[in-house]
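Asks: Fold the following.
(one chain, ligands or ions: 2)
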Amino acid sequence: MPADPIDPKHPAWRAVTGPRTVLLAAPRSFCAGVERAIEVVENLLDSRGGPIYVRKQIVHNSHVVADLESRGAVFVDDLDTVPEGATVVFSAHGVAPAVRAQAARRGLDAVDATCPLVTKVHNEALRFAGRGDTVVLIGHAGHEEVEGTLGEAPEHTVLVQSAAEAAELEVPDPERVSYLTQTTLAVDETAEVVEALRARFPALRGPGSDDICYATTNRQLSLRAIANESELVLVVGSGNSSNSVRLVELARRQGTPAYLIDDVGDLRPDWLDGVRVLGLTAGASAPPRLVEEVVTALGGLGPVTVEERETARESIHFTLPSAVRRG
Ligand code: 0JX
Ligand code: SF4
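Replies: Ligands and ions are numbered 1, 2, ... in the order given. Next up is the predicted model:
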């Protein structure tokens, strides 16, 4: 007689239940730029009341967006849909100067939640283009941060997405080339692209310090420290979050099966089949409570021992834009 699938002794249940160790990567979850961007919208909702318009998702996380929406934020793709004179927030990923000009033309009260580390890259783009260089931006086409950075000096900037593209790049003057990067790329892959650029343009110049930000770097290092030991890696984050997707790819490059989950509801029992050591982390835009919910759900399948592995301690905090500073 076939085993009853709801019998707790059914082989499928046996495979996913039982004691488990969760290796919790630290740092994980919110970075300083995300905390600041969310606080900007929250403070505006408190001080001015809704609706507060936000251009694009404030950060690339469906839970953050849904939560702010329920409190009166209205997310729009295009400033043309924002009523004249209304308050509009620019997202953490930054905007091109053309977007600022559009907001001014429409008489909008714009509050800028761009992460200061993205603004730093915009300033470098202007500086490098200003000295007559071709600016090579390493990043992903269509990403909002890339659109914003490209917009600073569009005539002088080219996007490169891979080492193969870098190796074939043609520029007006090979002696005058600088590079910049998106802040949320994979550190190892980006190093290969820079190497390919340097091989093609030996006079290549770059930013003073890496454009891949501290939070992206730290989340990759903390995951790297647990990925090999884990039989499965789960990354909490949304599908359009570049830094979160990079974490999944990193674990897979280490040879460990890895999945991106928006929340505990995405967890699939078959992934857990026979897994006794599970690595858990979250992208920079994923709220910490979502990670806690995953641990709680795993606890329902058997005793869980949580081991937090901390590879760095983060103490960075960015001040709020003056328009929303309290007190
Ligand atoms: O898609 P990204 O990783 O650039 O953005 P996300 O997920 O909103 O992360 C935080 C914001 C990062 C800006 O650099
Ligand atoms: Fe800023 Fe880095 Fe966070 Fe992006 S991931 S918001 S650049 S701190």
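
Asks: contacts, neighbours, all on C-alpha from now
Replies: OK.

Asks: So what does the closest residue to ligand 2 within the chain have for phi and psi?
Replies: With C-alpha to the nearest ligand atom, the shortest gap between the chain and ligand 2 falls at residue 33, namely 3.7 Å. Backbone geometry at residue 33, expressed as degrees, to the nearest 10, gives phi -70, psi -40.

Asks: residue contacts, it?
Replies: Listed by C-alpha atoms under 8 Å, 6 or more residues apart in numbering, the contact partners of residue 33 are 92, 114, 115, 116, 117, 317, 318.

Asks: Tell me which residue lies nearest the centroid of the protein.
Replies: Nearest to the geometric centre of the chain sits residue 243, at 3.5 Å (C-alpha atoms, centre = their mean).

Asks: For residue 292, see how far away it is.
Replies: Relative to residue 292, residue 243 is positioned 20 Å away (criterion: C-alpha to C-alpha, to the nearest Å).

Asks: Kindly report the same for residue 125.
Replies: 39 Å.

Asks: burial measure for residue 253, as a count.
Replies: 12 (other C-alpha atoms under 10 Å).

Asks: scratch that, residue 23 is what I was asking about
Replies: Residues near residue 23, counting by other C-alpha under 10 Å: 23.

Asks: Run through the neighbouring helices and strands of the helix or strand where it lies.
Replies: Element membership for residue 23 (DSSP states H and E) is strand 20-26. Under the contact definition 3 or more C-alpha pairs under 8 Å, 6 or more residues apart in numbering; DSSP states H and E, strand 20-26 sits against helix 214-227, strand 277-282, strand 304-310.

Asks: any idea where the strands of the stretch 51-200 of the chain begin and end?
Replies: In the stretch 51-200 of the chain, the strands defined using DSSP state E, counting those that start in this stretch lie at 52-55, 73-76, 87-90, 109-112, 134-138, 157-160, 177-181.

Asks: Tell me both backbone torsions, phi and psi, for the nearest residue in space to residue 215 that is not next to it in sequence.
Replies: Counting by C-alpha to C-alpha, 6 or more residues apart in numbering, residue 31 is the residue found nearest to residue 215 once chain neighbours are left out, at 5.9 Å. Main-chain torsions, residue 31, degrees, to the nearest 10: phi -100, psi 170.

Asks: gap between residue 31 and residue 223?
Replies: The gap separating residue 31 from residue 223 is 15 Å, by C-alpha to C-alpha.

Asks: Neighbour count for the two, which is higher?
Replies: Using other C-alpha under 10 Å, the more surrounded residue of residue 31 and residue 223 is residue 223, with 29 against 23.

Asks: pLDDT weak spots in this structure?
Replies: Along the chain, segments meeting pLDDT under 70 span 1, 327.

Asks: how about the helices in it?
Replies: 11-16, 32-48, 62-70, 97-105, 116-130, 144-150, 163-167, 187-200, 214-227, 242-253, 288-299 (DSSP state H).

Asks: mind putting those in CSV, distance to residue 76 included?
Replies: CSV is the format used below for the helices of the chain (distance: least, C-alpha to C-alpha, whole Å):
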stretch, distance to residue 76
helix 11-16, 42
helix 32-48, 14
helix 62-70, 11
helix 97-105, 13
helix 116-130, 21
helix 144-150, 13
helix 163-167, 33
helix 187-200, 32
helix 214-227, 27
helix 242-253, 20
helix 288-299, 25
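
Asks: can you tell which of these is closest to ligand 1?
Replies: Smallest distance to ligand 1 across these (C-alpha to the nearest ligand atom): 3.6 Å, for helix 242-253.

Asks: Name the residues that touch that closest one?
Replies: For helix 242-253, the surrounding residues in contact (C-alpha under 8 Å, 6+ apart) are 184-186, 216, 219-220, 223-224, 227, 233-239, 257-260, 282-284.
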